[in-house]
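In: what's the 3D shape of this:
(one chain, ligands or ions: 1)
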Amino acid sequence: MEEVVNAYLMELSENQIIIRDTVRDFADKNIRPHIMEFDESQNFPMEIMKKLGELGFLGVVIPEEYGGAGLGYVEFVMIIEELAKVDPSIALSVAAHNGLCTNHIYRFGNESQRKKYLPDLTSGKKIGAWGLTESASGSDAAGLKSIAEKKNGYYILNGSKTFTTHGTVGETAVIMAITDKNKGKKGISAFILEKGWEGFIAGKKENKLGMRASDTTQLTFENVKIPEENLIGNEGEGFIQAMQILEGGRISIAALSIGLAQGAFAAASKYSKERKQFGQPLADFEAIQFKLADMHTNIEAARLLTYRAAFLKDKGLPNKKEAAIAKLFSSETAEKAANDAVQIFGGYGFIKDFPVEKFYRDVKLLTIGEGTSEIQRIVIARELLKD
Ligand SMILES: Cc1cc2nc3c(=O)[nH]c(=O)nc-3n(C[C@H](O)[C@H](O)[C@H](O)COP(=O)(O)OP(=O)(O)OC[C@H]3O[C@@H](n4cnc5c(N)ncnc54)[C@H](O)[C@@H]3O)c2cc1C
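Out: Just a heads-up that it's a prediction; the model follows:
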């Protein structure tokens, strides 16, 4: 119980404070000066990812024997939160690399898959991609059409994936595909693919509204020969594995949301004290004070929900509903915070020279990616009503 109370009060341990300060310092020095350069060019900053790998932030929850940092979800949340305060698109890439591809191989891969693939991913030598979504199956992920047919010791993969984070830059990919058409969800399996395999093609890189430094790409598979040993777990387990991976992923998107919201709040609060109208700082107007008070209140609530979900996950306790609640509330809080921050900046909030313009664009992904707000509500309601 004491631990629960501590987690709620967010009393950080000495080690957690060191981690938080290290990320904060890294983001300030290495990311902040280049945010708009990354955004405008839509270039994925590989050098930043390599440095994050050196710091141990690309294998946060992976045990040290596979090159990871051996930390928990609470630390993972702290890292994503700090990155997102500065640049949500870098935070998205770090969240996806850690939480999706790398974590899928760690949680469901066998020992030889873990040994073969994890050290390069946790060190940042290779970037990970994870493909579930297809053009006709997003929220209804089980409706995917990519198909892997077993032949002579290989699975022959045909099909495509849409919106794959790191589809272009990723060198290791976990891909979900049908292995038995007659079994619905239970006929879906997960595979590890390597960049460079014949027929594994990175297609169109998407030109996005926000999160522009994070690479989002279509993937095509034309008779890709996947060695049998690259099946993760058993045939038919891919969909359930993917759903479990998304539960953890939701906590990381909640973390991204609270980071983004705090970034927007900090910028708006500072500006409100500097900008004068009618002879006084904006912060003296009650209308602005109330906006800041509401932003802050919602961010505090979102942080508590997010840390609770991370804490439950670290303890191995059920967290499906809590992760969905954290994701839903935090992403919608971030959306409102980014909107209010632009409003406080007035016309300057509409201009790219000021940081809230980018938060306003980046934030929209958070109520969509890794399960839309509507899907989170469905998950929460199902959990509430199942008894
Ligand atoms: C930048 C970015 C990065 C991404 N990265 C990845 C990745 O790395 N890997 C990956 O696999 N996917 C990734 N995705 C895909 C993402 O997870 C999907 O976009 C998301 O799950 C929604 O699917 P969709 O876009 O097909 O929308 P749809 O499912 O078509 O939904 C459209 C609208 O209908 C609503 N809706 C759908 N079904 C229901 C329902 N039953 N009840 C009520 N409303 C409903 C949705 O909430 C939404 O508002 C990424 C997407 C983006 C934009």
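In: who in the stretch 251-387 of the chain is up against the ligand?
Out: When proximity is defined as CB under 6 Å from any ligand atom, the stretch 251-387 of the chain approaches the ligand at 365, 368-372, 374-375. Using the backbone N, CA and C atoms, a C-beta is placed for each residue, glycine as well.
In: Any chance of those residues in JSON lines with neighbour count as columns?
Out: As requested, those are exported to JSON lines (neighbours: other CB atoms under 10 Å):
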{"residue": "Leu365", "neighbour count": "23"}
{"residue": "Ile368", "neighbour count": "16"}
{"residue": "Gly369", "neighbour count": "23"}
{"residue": "Glu370", "neighbour count": "29"}
{"residue": "Gly371", "neighbour count": "26"}
{"residue": "Thr372", "neighbour count": "16"}
{"residue": "Glu374", "neighbour count": "11"}
{"residue": "Ile375", "neighbour count": "20"}
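In: ok, those residues vs Pro119, which is closest?
Out: For these, the residue nearest Pro119 by CB to CB is Glu370; the value is 25.8 Å.
In: Setting the sequence-adjacent residues aside, check what's closest to the closest one.
Out: The shortest distance from Glu370 to any residue that is not its chain neighbour, by CB to CB, 6 or more residues apart in numbering, is 4.5 Å, and that residue is Gly249.
In: before we move on, back to that, give me the subset of the residues of the stretch 251-387 of the chain next to the ligand that lies in strands.
Out: Secondary structure from DSSP state E places none of these in strands.
In: picking that back up, does the residue nearest to Glu370 belong to a helix, a strand or coil?
Out: State at Gly249, reduced to three classes by DSSP: H, G, I helix; E, B strand; the rest coil: helix.
In: how many neighbours does it have?
Out: 24 (other CB atoms under 10 Å).
In: what about Asn234, neighbour count?
Out: Each residue near Asn234 was counted by other CB under 10 Å, and the total is 10.
In: What are the boundaries of the strands in the stretch 51-200 of the chain?
Out: With strands called from DSSP state E, counting those that start in this stretch, the stretch 51-200 of the chain shows them at 128-131, 147-151, 154-165, 172-178, 188-194, 200-205.
In: so Ile380 sits in a helix?
Out: Yes: counting by three-state DSSP, Ile380 is found in a helix.
In: mind listing what it touches?
Out: 321, 324-325, 328 (CB atoms under 8 Å, 6 or more residues apart in numbering).
In: Around the residue of the chain found nearest the ligand, how many other residues sit close by?
Out: Using CB to the nearest ligand atom, Gly138 is the residue of the chain that sits closest to the ligand, at 1.7 Å. A total of 17 residues lie near Gly138 under the criterion other CB under 10 Å.
In: can you pull the contacts of it?
Out: Taking CB under 8 Å, 6+ apart, one finds 162-163 in contact with Gly138.
In: Tell me, what's the model's pLDDT at the residue nearest to Glu370?
Out: What the model reports for Gly249 is a pLDDT of 95.
In: Check the gap between it and Ala255 for me.
Out: Between Gly249 and Ala255 the distance is 10 Å, computed by CB to CB, to the nearest Å.
In: Find me the pLDDT at Val5, would you?
Out: The model reports Val5 with a pLDDT of 43.
In: Check whether Gly56 really touches Glu75, as I assumed.
Out: No: using CB atoms under 8 Å, Gly56 and Glu75 do not qualify as a contacting pair, with a distance of 10.0 Å.
In: what do these two both touch?
Out: Joint contacts of Gly56 and Glu75 (CB under 8 Å, 6+ apart) are Ala69.
In: Give me whichever of the strands of the stretch 51-200 of the chain is most buried.
Out: Neighbour counts (mean count of other CB atoms under 10 Å) averaged over each of the strands of the stretch 51-200 of the chain peak at strand 128-131, with a mean of 30.
In: and it, what other elements does it pack with?
Out: helix 88-96, strand 154-165, strand 172-178 (3 or more CB pairs under 8 Å, 6 or more residues apart in numbering; DSSP states H and E).
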